[in-house]
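Q: fold the following, please.
(one chain, ligands or ions: 1)
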Amino acid sequence: MIAHRPPEELLLGYASGALPEPIALVVASHAALCPETAREIGRLERLGGTLLDGLAPAELKSGALDRALAALDGVPAAAPKPIVTPAARALLPAPVWPYVKGDVANIAWQRRSADVDTADIVVDGGERRAFLLRVRAGRPVPRHTHRGLELTLVLKGAYCDAANCFERGDLQVADTTMDHQPVAQAGDDCICLVALEAPIWFTGPIGRLANPFVKL
Ligand code: ZN
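A: Numbering: from 1, shown residues only. Down below sits the predicted model:
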């Protein structure tokens, strides 16, 4: 049973295809681990389909169908499915597999501090991105607030902030109103899939000095 699930408006955004890729990837990855969220997304998608069915069909410009069929002729056959290693299956939800070509060996970890590593998964050209975050067992992420949405999906281990604890499958949604310091639980490194709309802003006494230099 997953304790922390995304709010309805985020699921609605996902079901309608309105979310940018980094955010959508984290929602889809959570849904792959949470049957309740997957069911809710299915319900919203069906609802959207019903609404669309009720609209009068727009008239196709003449030749539109011919052009669409001609375009299909040029589409290459579907690429073979990548092989996914057991380690990748154990750690990563299925929506992430294509981004690492099915193998955790392709995760490009970068050391950000003694306690924190990150590996980019999607960078969308602006400041939005999705990345894997690895925090050493028992160690904190520097205290910070947010300059947009932050979605954190736990994949391994667990972490707590002052208000809640999060385990595999849990999704924490934070925004500009929240200031927190997540701490990985003892025993196991905590690995999360994170989406950010903009870099976080450190608010601790030492972290504040790092803001101009460190982007996380
Ligand atoms: Zn945060």
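
Q: near the ion, which residues of this structure?
A: 150, 174 (CB under 5 Å from the ion). Where C-beta positions appear, they are placed from N, C-alpha and C, glycine not excepted.

Q: quick one, strands of the chain?
A: For the chain, strands defined by DSSP state E occupy the ranges 110-111, 116-123, 129-135, 144-145, 150-156, 159-160, 165-166, 171-174, 183-184, 190-196, 201-202.

Q: those: lowest mean pLDDT?
A: Lowest mean pLDDT of the strands of the chain: strand 201-202, a mean of 92.

Q: give me the helices and strands touching that strand, please.
A: On a contact count with 3 or more CB pairs under 8 Å, 6 or more residues apart in numbering; DSSP states H and E, strand 201-202 meets strand 144-145.

Q: try 10 Å this time
A: In this structure, strand 201-202 makes packing contacts with strand 144-145, helix 207-210, judged by 3 or more CB pairs under 10 Å, 6 or more residues apart in numbering; DSSP states H and E.

Q: residue contacts, the residue most central in space within the chain?
A: The chain has residue 26 as the residue nearest its centroid, 1.9 Å off, counting by CA atoms, centre = their mean. The contact partners of residue 26, taken as CB atoms under 10 Å, 6 or more residues apart in numbering, are 6, 10, 14, 19, 93, 95-96, 121-122, 130, 149-153, 171, 173, 192-196.

Q: next one: residue 131
A: For residue 131, counting by CB under 10 Å, 6+ apart, the contacting residues are 22, 107-108, 110, 118-123, 192-196, 216.

Q: with residue 101 instead?
A: 82-85, 88.

Q: what is the least confident helix or strand in the chain?
A: helix 64-73 (a mean of 60; mean pLDDT, DSSP states H and E).

Q: the longest helix seen in the chain: which residues count as buried?
A: Secondary structure of the chain per DSSP state H: the longest helix is helix 35-53. Judged by neighbour count using 16 or more other CB atoms under 10 Å, the buried positions of helix 35-53 are 37, 40-41, 44.

Q: what helices and strands are in contact with it?
A: Using 3+ CB pairs under 10 Å, 6+ apart: helix 35-53 touches helix 8-15, helix 21-33.

Q: name the stretch among these that sits most buried.
A: Greatest average neighbour count among those goes to helix 21-33 (a mean of 22), per mean count of other CB atoms under 10 Å.

Q: re the thing from before, ok, the buried residues of helix 35-53 vs the ion, which is closest?
A: Of all the buried residues of helix 35-53, the ion sits closest to residue 37, with 20.5 Å by CB to the ion.
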